[in-house]
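Peer 1: Build the 3D model from these lines:
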Amino acid sequence: MRCQCDEPNLNDLIADPMVRALMARDAVAEADLRHLMDRVRDRFVHGTHSASAPLNKTH
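Peer 2: Residues are numbered from 1 along each chain as shown. Sure thing, here's the model as predicted:
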(Lines give C-alpha, C1' and ligand atoms only; values in the text may rest on other atoms or scores of the structure.)
Protein backbone atom coordinates (compact mmCIF):
# COMPACT_ATOMS: atom_id res chain seq x y z
CA MET A 1 0.00 0.00 0.00
CA ARG A 2 1.42 3.38 -1.01
CA CYS A 3 0.81 6.51 0.96
CA GLN A 4 -0.91 9.25 -1.02
CA CYS A 5 0.91 12.04 0.78
CA ASP A 6 3.69 14.51 0.16
CA GLU A 7 6.16 12.87 2.52
CA PRO A 8 9.03 10.93 0.95
CA ASN A 9 9.30 7.22 1.66
CA LEU A 10 12.43 5.58 3.06
CA ASN A 11 13.77 4.71 -0.40
CA ASP A 12 13.44 8.33 -1.50
CA LEU A 13 15.20 9.58 1.63
CA ILE A 14 18.07 7.13 1.31
CA ALA A 15 18.51 8.04 -2.36
CA ASP A 16 18.79 11.76 -1.56
CA PRO A 17 22.36 13.01 -2.21
CA MET A 18 22.42 15.03 1.04
CA VAL A 19 21.37 12.01 3.08
CA ARG A 20 23.99 9.91 1.28
CA ALA A 21 26.65 12.50 2.12
CA LEU A 22 25.67 12.46 5.80
CA MET A 23 25.63 8.67 5.85
CA ALA A 24 29.11 8.57 4.31
CA ARG A 25 30.42 11.15 6.77
CA ASP A 26 29.02 9.17 9.71
CA ALA A 27 30.04 5.79 8.26
CA VAL A 28 26.42 4.56 8.20
CA ALA A 29 25.86 1.71 5.77
CA GLU A 30 22.55 1.55 3.93
CA ALA A 31 22.06 -2.06 5.02
CA ASP A 32 22.51 -1.10 8.69
CA LEU A 33 20.05 1.78 8.40
CA ARG A 34 17.47 -0.44 6.70
CA HIS A 35 17.97 -3.12 9.37
CA LEU A 36 17.39 -0.55 12.11
CA MET A 37 14.26 0.77 10.40
CA ASP A 38 12.93 -2.79 10.02
CA ARG A 39 13.46 -3.42 13.73
CA VAL A 40 11.75 -0.17 14.72
CA ARG A 41 8.79 -0.96 12.43
CA ASP A 42 8.52 -4.49 13.82
CA ARG A 43 8.46 -3.18 17.39
CA PHE A 44 5.52 -0.93 16.60
CA VAL A 45 3.66 -3.53 14.54
CA HIS A 46 4.01 -6.13 17.27
CA GLY A 47 3.39 -3.73 20.14
CA THR A 48 6.84 -4.07 21.69
CA HIS A 49 7.82 -0.41 21.52
CA SER A 50 8.96 -0.28 25.13
CA ALA A 51 11.60 2.29 26.00
CA SER A 52 13.26 -0.29 28.23
CA ALA A 53 14.26 -2.56 25.32
CA PRO A 54 17.28 -1.08 23.48
CA LEU A 55 17.69 -1.15 19.71
CA ASN A 56 21.37 -2.05 19.89
CA LYS A 57 22.99 -3.53 16.82
CA THR A 58 22.81 -7.31 17.13
CA HIS A 59 24.85 -8.46 14.14
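
Peer 1: Need the residue closest to the centroid of this protein.
Peer 2: Residue closest to the average C-alpha location in the chain (CA atoms, centre = their mean): residue 37, at 3.0 Å.

Peer 1: Ramachandran angles for that one?
Peer 2: As for residue 37, its main-chain torsions (degrees, to the nearest 10) stand at phi -60, psi -40.

Peer 1: Tell me where this protein has helices.
Peer 2: For the chain, applying DSSP state H gives helices covering 10-15, 17-25, 30-45.

Peer 1: CSV for those helices, including distance to residue 4?
Peer 2: The C-beta positions use only the backbone N, C-alpha and C, and glycine is treated the same way. Formatted as CSV, the helices of the chain follow (distance: least, CB to CB, whole Å):
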stretch, distance to residue 4
helix 10-15, 15
helix 17-25, 23
helix 30-45, 20
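
Peer 1: burial of residue 15, as a residue count?
Peer 2: Neighbourhood size, residue 15 [other CB atoms under 10 Å]: 12.

Peer 1: can you check the one 10 residues further on too?
Peer 2: For residue 25, the neighbour count with other CB under 10 Å is 8.

Peer 1: rewinding a little: could you dump the helices of the chain to CSV with mean pLDDT?
Peer 2: CSV is the format used below for the helices of the chain (pLDDT from 0 to 100):
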stretch, mean pLDDT
helix 10-15, 94
helix 17-25, 98
helix 30-45, 94
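
Peer 1: picking that back up, excluding its backbone neighbours, what's nearest the residue nearest to the centre of the chain?
Peer 2: Among residues not flanking residue 37 along the chain, residue 10 sits closest, at 6.1 Å (CB to CB, 6 or more residues apart in numbering).

Peer 1: Pretty sure that neighbour sits against residue 38.
Peer 2: No: under the criterion of CB atoms under 8 Å, residue 10 makes no contact with residue 38, lying 9.9 Å away.

Peer 1: Could you check how far the residue nearest to residue 20 when sequence neighbours are not counted is from residue 41?
Peer 2: Leaving out its chain neighbours, the residue that sits closest to residue 20 by CB to CB, 6+ apart is residue 14, at 7.5 Å. Using CB to CB, to the nearest Å, we find residue 14 at a distance of 15 Å from residue 41.
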